[in-house]
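Asks: would you be able to build a 3D model of this:
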Amino acid sequence: MNRLLPLIRSKLGAHPTLTNCVYYGSLFCAAEVSQQVYIRKYLPKKQDKPLQSFDTTKLKHLSVWGYVMAPSYMALWYSWLDTRYVATTTRVIALKVVLDQTLLTGPLLLAFFPFMSWCEGKENIFAELREKLLVTYMVSCCWWLPAQAINFKIVPPKYRIIYNGVCGFVWANILCAIKRGVD
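Replies: Below you'll find the model as predicted:
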């Protein structure tokens, strides 16, 4: 552990965007893997049903989102946001959180559902967006507003995307649990 932290710091310093993309993508995909382990391996075994194989196609689609699309946009967004609003006063943090929830989360959600529908070969790539956007955004406000307040108050800017990856891991699992509860 003593050697791990300096290694992480040196990687972040040398290639912060690439490193953040790798960390975020790994955490994002880990959330999907954890859900598949639970739904396809643990639940069937508990219910004496046959185990299901992993959905590697879905994991590949989510990998493109998690390793490339989302963290690239986040890197651009946070480099802009952190240079415009550098103070950590309550007023500035509140402004950053509201801006983040509207100008980062909004576009990411608007792109996520059509992108995944396109990857899945759906004819109407906007149907799932229309069906799930409002509920997803409202629940995301409950999770991300406090998470981002902590992010902007405590987390150094170079670790923001990694922090978002950890929060995103939890967030992806919350969404899956909500979906399972409805199904």
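
Asks: please make it C-alpha for all contacts and neighbour counts, starting now.
Replies: Fine.

Asks: which residues in the protein form helices?
Replies: Along the chain, the stretches classed as helices by DSSP state H are 4-14, 16-36, 43-46, 56-64, 70-84, 90-99, 106-119, 127-154, 160-182.

Asks: the nearest residue to residue 140 once chain neighbours are set aside: neighbouring residues, count only.
Replies: Using CA to CA, 6 or more residues apart in numbering and skipping residues adjacent in sequence, the residue nearest residue 140 is residue 171, 7.9 Å away. Residues contacting residue 171 under the criterion other CA atoms under 10 Å number 19.

Asks: likewise for the one 4 residues further on?
Replies: The burial metric for residue 175, expressed as a neighbour count using other CA under 10 Å, is 14.

Asks: quick check: mean pLDDT of stretch 99-106?
Replies: Computed over stretch 99-106, the mean pLDDT rounds to 94.

Asks: can you list the neighbours in contact with it?
Replies: The contact list for stretch 99-106 (CA atoms under 8 Å, 6 or more residues apart in numbering) reads 74, 77, 137, 141, 144-145, 148.

Asks: what about this structure, which residue is the most distant from its middle?
Replies: Counting by CA atoms, centre = their mean, the extreme residue of the chain relative to its mean C-alpha position is residue 48, 32.9 Å from that point.

Asks: contact partners for that one?
Replies: Neighbour list for residue 48: empty [criterion: CA under 8 Å, 6+ apart].

Asks: who's in contact with the closest residue to residue 81 other than its chain neighbours?
Replies: Take residue 81 and drop its neighbours on the chain: the residue closest to it by CA to CA, 6+ apart is residue 96, 7.4 Å away. Taking CA under 8 Å, 6+ apart, we find residue 96 in contact with 81, 85, 152.
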